[in-house]
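S.K.: Predicted model, plus sequence, below.
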Amino acid sequence: MQPPIPTLPPKERLILDLLIAQGPLFGLQLVALSEGMLKRGTVYVTLGRMETKGFVRSEQEAMPPGAIGLPRRLYYPTPLGERVVRAWSVMARELLPEMQP
Amino acid sequence: MTASTPHSQPGERLVKLATRLFDEPTRSTFVLPALADFQHELQDAGASPLRRLIARLRGYAAFARLLLAAPFIVPSAPMGSPITTFVTGKYGGNVLLVLALALFAAIRPWFGWFAVAVVAFGVIVAIALRVWHTHHPDSRGGADPLLSLLAVALFAAIWSMFGWFVLAAVAGGLIMAVALRRWNTRHPSQFAPPARTPGAEINLSSIPVAGDIGGLLFVIGAIVTVLLGLPDLRWFVLASVIVGAVLAGGLFLWRSSRTADLIPANSILRR
């Protein structure tokens, strides 16, 4: 039995598009750049799911000496995530020729 | 910059709350990144009280949404957290203990000293089983014959009070046990719980009964038992079943559309 083809819901695609276009981002930066598409209460759940699927990876920011507070988590697109976006765009073009992916 | 000091970081209480509510993977993946961004947003708000208040309200609202959503999106999120362990006990025992005590308190007027004797005898058996398992940690299921003997003794003791209902319960239990055994033999569970860390689930003869066909059979058996024992409640039970089925179906559809990759492979509907 073949492994299932990865799915790419609209919010995950938006996150990958932003990460590919803007570079590594924090969760709140993704929310701000999404113009209301992403909510700050659920973006981390979506990012965690994408990390499980291998679409993004994350690492904690380096805290400067003397800094206070929790270190934020910085998210990067993975090669798999970039490939999935490309494949999804090709599929969208094939299925909907008039659609601009 | 922020007016906070290292001793009064905003969000510290939320971190403590999350520590009690969620397991470590959920905290590190979802909760702590959200709180870290919350703290930095507060720092970026500067000294303006209004901007800080708005940032706080938005952060608290986001955290509340995260608390509400996480258990549905990540079903295992609350498992292993201190509050879950406190409520259910390591083996799901605390809630059962409270329910058992409430049950015995309720039936005390009808059964008198028999109920007290059952409690005392049950405590002794529980302690003996605990001691036995502590000394024989690798022989899982070795005490099953003792439990079977106790079950037979219990049925014999209550035979005079419940008559044919006891016989029906025994027959129903045997049928359910055989059905469970046959199903698990044909469909071995793909769920591999970590060794020596059993979750809060029912266990019948070493067959895990959770969100699978075993759980479904158990629920059906429980409903049939209630209907047999309390026929006056049949419409209430029927309404409860319908409402529960609608709620379960709604939750399943919602989770299927959002978290298809995180649903355990051995859920009832996926089999």
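M.R.: Yes, it's here.
S.K.: what residue of chain A is the furthest out?
M.R.: What lies farthest from the middle of chain A is A:G66; by C-alpha atoms, centre = their mean that is 30.9 Å.
S.K.: CA atoms only for the helix or strand hosting B:L154 - export them in PDB, please.
M.R.: Using DSSP states H and E, B:L154 sits within helix B:144-162. The C-alpha coordinates for helix B:144-162 follow below in PDB (Å, rounded to 0.1, in the frame of the first residue of the first chain):
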ATOM      1  CA  ASP B 144      -6.800 -12.900  36.300                       C
ATOM      2  CA  PRO B 145      -7.800 -16.300  37.800                       C
ATOM      3  CA  LEU B 146      -8.200 -14.600  41.100                       C
ATOM      4  CA  LEU B 147     -10.400 -11.900  39.600                       C
ATOM      5  CA  SER B 148     -12.500 -14.500  37.800                       C
ATOM      6  CA  LEU B 149     -13.000 -16.300  41.100                       C
ATOM      7  CA  LEU B 150     -14.000 -13.100  42.800                       C
ATOM      8  CA  ALA B 151     -16.500 -12.300  40.000                       C
ATOM      9  CA  VAL B 152     -18.000 -15.800  40.300                       C
ATOM     10  CA  ALA B 153     -18.300 -15.300  44.100                       C
ATOM     11  CA  LEU B 154     -20.000 -11.900  43.600                       C
ATOM     12  CA  PHE B 155     -22.500 -13.300  41.100                       C
ATOM     13  CA  ALA B 156     -23.300 -16.100  43.500                       C
ATOM     14  CA  ALA B 157     -23.800 -13.700  46.400                       C
ATOM     15  CA  ILE B 158     -26.200 -11.400  44.500                       C
ATOM     16  CA  TRP B 159     -28.100 -14.200  42.800                       C
ATOM     17  CA  SER B 160     -30.800 -14.200  45.300                       C
ATOM     18  CA  MET B 161     -31.400 -10.500  44.900                       C
ATOM     19  CA  PHE B 162     -31.300 -10.100  41.200                       C
END
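S.K.: Mind giving me the packing neighbours of that helix?
M.R.: Here helix B:144-162 touches helix B:113-135, helix B:164-186, going by 3 or more C-beta pairs under 8 Å, 6 or more residues apart in numbering or on different chains; DSSP states H and E. In this view, the C-beta of every residue, glycine as well, is placed from N, C-alpha and C.
S.K.: can you give me the strands for the chain?
M.R.: All of this refers to chain A. Secondary structure of chain A (DSSP state E): strands at A:25-26, A:56-60, A:73-77.
S.K.: right idea, wrong chain: chain B
M.R.: Using DSSP E, strands in chain B cover B:202-204, B:207-209.
S.K.: Out of the strands of chain A, which is closest to chain B?
M.R.: Chain B sits nearest to strand A:73-77 of all the strands of chain A, at 4.0 Å, using C-beta to the nearest C-beta.
S.K.: For chain B, what's its nearest residue on chain A.
M.R.: For chain A, C-beta to the nearest C-beta, closest residue to chain B: A:G41, 2.9 Å.
S.K.: pLDDT value on that residue, please?
M.R.: Confidence at A:G41, expressed as pLDDT, is 79.
S.K.: and chain A, which of its residues are near chain B?
M.R.: Within reach of chain B by C-beta under 8 Å from any C-beta of the partner chain, chain A has these residues: A:7, A:9, A:26-28, A:39-42, A:44-45, A:47-49, A:51-53, A:58, A:68-73.
S.K.: Now a ChimeraX select for only the buried ones of those.
M.R.: With 16 or more other C-beta atoms under 10 Å in any protein chain shown as the burial test, the buried ones among these are selected in ChimeraX as follows:
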select /A:26,27,28,39,40,41,42,44,45,47,48,49,51,53,58,69,70,71,72,73
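S.K.: Do I have it right that B:F63 meets B:P33?
M.R.: No - using C-beta atoms under 8 Å, B:F63 is not in contact with B:P33; the gap is 11.6 Å.
S.K.: Which residue, other than its chain neighbours, is closest to residue 29?
M.R.: Assuming you mean chain A. A:Q22 (7.9 Å; C-beta to C-beta, 6 or more residues apart in numbering or on different chains).
S.K.: meant chain B actually
M.R.: Using C-beta to C-beta, 6+ apart and skipping residues adjacent in sequence, the residue nearest B:T29 is A:G48, 4.2 Å away.
S.K.: Who are the contact partners of the residue of chain A closest to chain B?
M.R.: A:G41 makes contact with B:34, B:61-66, B:69 under the criterion C-beta atoms under 8 Å, 6 or more residues apart in numbering or on different chains.
S.K.: how much space between it and A:E51?
M.R.: Counting by C-beta to C-beta, to the nearest Å, the separation of A:G41 from A:E51 is 18 Å.
S.K.: Quick one, which of the strands of chain A gets closest to B:P49.
M.R.: Between B:P49 and the strands of chain A, the tightest spacing by C-beta to C-beta is seen for strand A:25-26, at 24.9 Å.
S.K.: What is that closest one packed up against?
M.R.: In terms of contacts (3+ C-beta pairs under 8 Å, 6+ apart), strand A:25-26 is packed against strand A:73-77.
S.K.: Taking their axis directions, the strand it packs on and strand A:56-60 sit at what angle?
M.R.: Orientation of strand A:73-77 against strand A:56-60 (axes from the mean of the first three to the mean of the last three C-alpha atoms, to 10 degrees) gives an angle of 150 degrees.
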